[in-house]
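> just need the structure, nothing else, for what follows:
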Amino acid sequence: MTEAGSERRRHERFPIRLPVTFEFAGTLHEVTCLNVSAGGMYLETADPPPLRSSLSFRVWLGDANLSATRSIALRGTVVRFAGGGIGIQFDTADDFTLELLELERFLAHH
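Below you'll find the predicted structure:
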């Protein structure tokens, strides 16, 4: 990433691998989040939805113990394509504020 690109970022990014699922055009996509910030996330995917697509998706939090795994529902918009994946900007509607806070709490402990 160039210095100019990093200067545009409003939020610190955290590298973390998390499973994410979303449905687009009638197909369920199972992808991997490679990094996340308070403003969005980067998803690795070989079959990206079009730019400016609105997505509802689930981020799966937890560990290898499936009984400890839980998910949070978020919404966002595809804002860029890069390196085999997509950049998602989170919607900031009040409905999702609690879900974003839960994601931040999870990241603080991992």
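> which strand runs longest in the chain?
Criterion DSSP state E: the longest strand present in the chain is strand 70-82.
> so what pLDDT did the residue most central in space within the chain get?
Among the residues of the chain, Met41 comes closest to the average C-alpha position under C-alpha atoms, centre = their mean, at 3.7 Å. pLDDT, Met41: 93.
> can you check the one 5 residues further on too?
pLDDT for Ala46: 92.
> still on that earlier bit, report the angle between the one helix or strand the residue nearest to the centre of the chain maps to and strand 70-82.
Assessed by DSSP states H and E, Met41 sits inside strand 40-44. Orientation check (axes from the mean of the first three to the mean of the last three C-alpha atoms, to 10 degrees): strand 40-44 against strand 70-82 gives 80 degrees.
> what is the mean pLDDT for the helix or strand that strand 40-44 is followed by?
Note on strand 40-44: by DSSP H and E, the next helix or strand toward the C-terminus is strand 54-61. Averaging pLDDT along strand 54-61 yields 91.
> returning to what we had before: the longest strand of the chain relative to strand 54-61, how many degrees between them?
Going by the same axes, to 10 degrees, strand 70-82 makes 130 degrees with strand 54-61.
> only alpha carbons, please: show strand 70-82 as PDB.
Output in PDB follows, covering the C-alpha atoms of strand 70-82 (Å, rounded to 0.1, in the frame of the first residue of the first chain):
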ATOM      1  CA  ARG A  70     -21.100 -17.100  17.500                       C
ATOM      2  CA  SER A  71     -21.900 -14.800  14.700                       C
ATOM      3  CA  ILE A  72     -22.800 -11.200  14.200                       C
ATOM      4  CA  ALA A  73     -24.900  -9.800  11.400                       C
ATOM      5  CA  LEU A  74     -23.500  -6.700   9.600                       C
ATOM      6  CA  ARG A  75     -24.200  -4.700   6.500                       C
ATOM      7  CA  GLY A  76     -21.800  -3.000   4.200                       C
ATOM      8  CA  THR A  77     -21.000  -1.900   0.700                       C
ATOM      9  CA  VAL A  78     -18.300  -3.100  -1.700                       C
ATOM     10  CA  VAL A  79     -16.000  -0.100  -2.100                       C
ATOM     11  CA  ARG A  80     -13.000  -1.600  -3.900                       C
ATOM     12  CA  PHE A  81     -11.300  -4.600  -5.500                       C
ATOM     13  CA  ALA A  82      -7.700  -5.400  -4.600                       C
END
